[in-house]
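Novice: Test case, fold it:
(one chain, ligands or ions: 2)
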Amino acid sequence: MSRVLLGVNIDHIATLRQARGTRYPEPVQAALVAEQAGADGITVHLREDRRHINDRDVELLAQTLQTRMNLEMAATEEMVAIACRIKPPHCCLVPEKREELTTEGGLDVVGNQAWIAQCCQRLGQAGIDVSLFIDADPAQIRAARECGAPTIEIHTGHYADATDPASEQQELAKIRDGVAYALEQGLVVNAGHGLHYHNTLPIAAIPGINELNIGHSIIARAVMSGLDDAVRTMRDLLDGVNR
Ligand SMILES: CC(=O)[C@@H](O)[C@H](O)COP(=O)(O)O
Ligand SMILES: NCC(=O)COP(=O)(O)O
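Specialist: Ligands and ions are numbered 1, 2, ... in the order given. A predicted model of the protein is given here:
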């Protein structure tokens, strides 16, 4: 069975830097450490408010990564233009709200299908593999395929935020069904948001999952045990998955 790829999101290295406006910690250094520790790719979210990762980080990472960049961004003219200029191998369109603490839900592809399809076409023409960050909702999955996105990333936040075992199992079942449906639609299926060392395995064990994008929990562990250890531990966890 194929191994689940690990995309390490380094946004919150930049959160620490932005807290004081210093030149450290350096996201480029973190990305290279994560890659050497086993990350299969690096994810960065260039938010419209630049609260953490900024344009300079994306430019430098595009020139230095040894694996590949997954650029997360809102589906806006500004961000599409940046992506078409930088040409990262992967782009993931995510919803954004100024006041949100973190991403709160999946992209509403059904409600914005014409624009999302246009973004997918422009990014695809730039040679970028586009994924749409959506809930495990068959209507959203169908709309993603109709927009021409080759890949989706299923939002695992509701699963991660579940407050009791029954709700967690319910959300896990939704994700499992969503993955199966998306695979039937011919999509590549990634997943992410809120995954950590104690809730990731059930997601990783879902047959057909291509990649997990994990950030906050890895960076949080890195504070205690170092980034190399935090990434290696997650990579080893995923390598032990039976699917
Ligand atoms: C889309 C998603 O779930 C994350 O990749 C996103 O980066 C979360 O935003 P913050 O990193 O700003 O919390
Ligand atoms: N798309 C999910 C991601 O990149 C990381 O999300 P999180 O692990 O920081 O919640």
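Novice: pretty sure H52 contacts A14?
Specialist: Yes. The pair formed by H52 and A14 meets the contact definition of C-beta atoms under 8 Å, at 3.8 Å. For the C-beta atoms, the positions are set from N, CA and C on the backbone; glycine is no exception.
Novice: So, low pLDDT: which residues of this protein?
Specialist: 1 (pLDDT under 70).
Novice: Please repeat the previous calculation with a cut-off of 90.
Specialist: Low-confidence segments of the chain (pLDDT under 90): 1-2, 97-104, 242-243.
Novice: Now for V80: which residues touch it?
Specialist: By C-beta atoms under 8 Å, 6 or more residues apart in numbering, the contact list for V80 reads M73, C119, R122, L123.
Novice: next one: I13
Specialist: By C-beta under 8 Å, 6+ apart, the residues touching I13 are P25, E26, P27, A30, I219.
Novice: repeat for L201
Specialist: By C-beta under 8 Å, 6+ apart, L201 lies in contact with L237, V241.
Novice: Can you classify it by secondary structure?
Specialist: Three-state assignment for L201 (DSSP: H, G, I helix; E, B strand; the rest coil): helix.
Novice: any idea how far it is from R235?
Specialist: To R235, L201 is 13 Å away according to C-beta to C-beta, to the nearest Å.
Novice: Ok, M79 next?
Specialist: Distance of M79 to R235, computed by C-beta to C-beta: 30 Å.
Novice: so where do the helices sit in this protein?
Specialist: 11-20, 27-36, 55-64, 77-86, 113-125, 138-146, 157-160, 165-184, 200-204, 216-225, 227-239 (DSSP state H).
Novice: so can I have CSV of those showing distance to ligand 1?
Specialist: As requested, the helices of the chain are exported to CSV (distance: least, C-beta to the nearest ligand atom, whole Å):
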stretch, distance to ligand 1
helix 11-20, 4
helix 27-36, 12
helix 55-64, 13
helix 77-86, 13
helix 113-125, 15
helix 138-146, 14
helix 157-160, 7
helix 165-184, 14
helix 200-204, 13
helix 216-225, 6
helix 227-239, 15
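Novice: Could you tell me how many residues sit around H155?
Specialist: A count of neighbours around H155, defined by other C-beta atoms under 10 Å, yields 27.
Novice: same deal with L187?
Specialist: Neighbours of L187 (other C-beta under 10 Å): 21.
Novice: List the contacts of the nearest residue to it once chain neighbours are set aside.
Specialist: Leaving aside its chain neighbours, L187 sits nearest to I152 (5.4 Å; criterion: C-beta to C-beta, 6 or more residues apart in numbering). With contact set as C-beta under 8 Å, 6+ apart, I152 has these partners: S131, L132, F133, I134, I141, A144, A182, L187, V188, V189, N190.
Novice: I'd like to know how far I152 sits from G192.
Specialist: For I152, the distance to G192 - C-beta to C-beta - is 11 Å.
Novice: And for E211?
Specialist: 8 Å.
Novice: Residues that sit against both of those two, list them.
Specialist: The contact sets of E211 and G192 overlap at G7 (C-beta under 8 Å, 6+ apart).
Novice: Work out which residue lies at the spatial centre of this structure.
Specialist: The centroid of the chain falls nearest to N213 when counting by C-alpha atoms, centre = their mean (4.3 Å).
Novice: Which residue, neighbours along the chain excluded, lies closest to that one?
Specialist: G192 (3.5 Å).
Novice: Contacts only, for the one you found.
Specialist: G7, N9, T43, F133, E153, I154, H155, T156, L212, N213, I214, G215.
Novice: about what we covered before: which pair of the contacts of I13 spans the longest distance?
Specialist: Largest separation among those by C-beta to C-beta: E26 and I219, giving 13.6 Å.
Novice: more crowded one of these two?
Specialist: I219 (24 against 15).
Novice: Count the neighbours of the closest residue to that one other than its chain neighbours for me.
Specialist: Leaving aside its sequence neighbours, I219 sits nearest to H12 (C-beta to C-beta, 6+ apart; 4.3 Å). A count of neighbours around H12, defined by other C-beta under 10 Å, yields 24.
Novice: Good, wrapping up.
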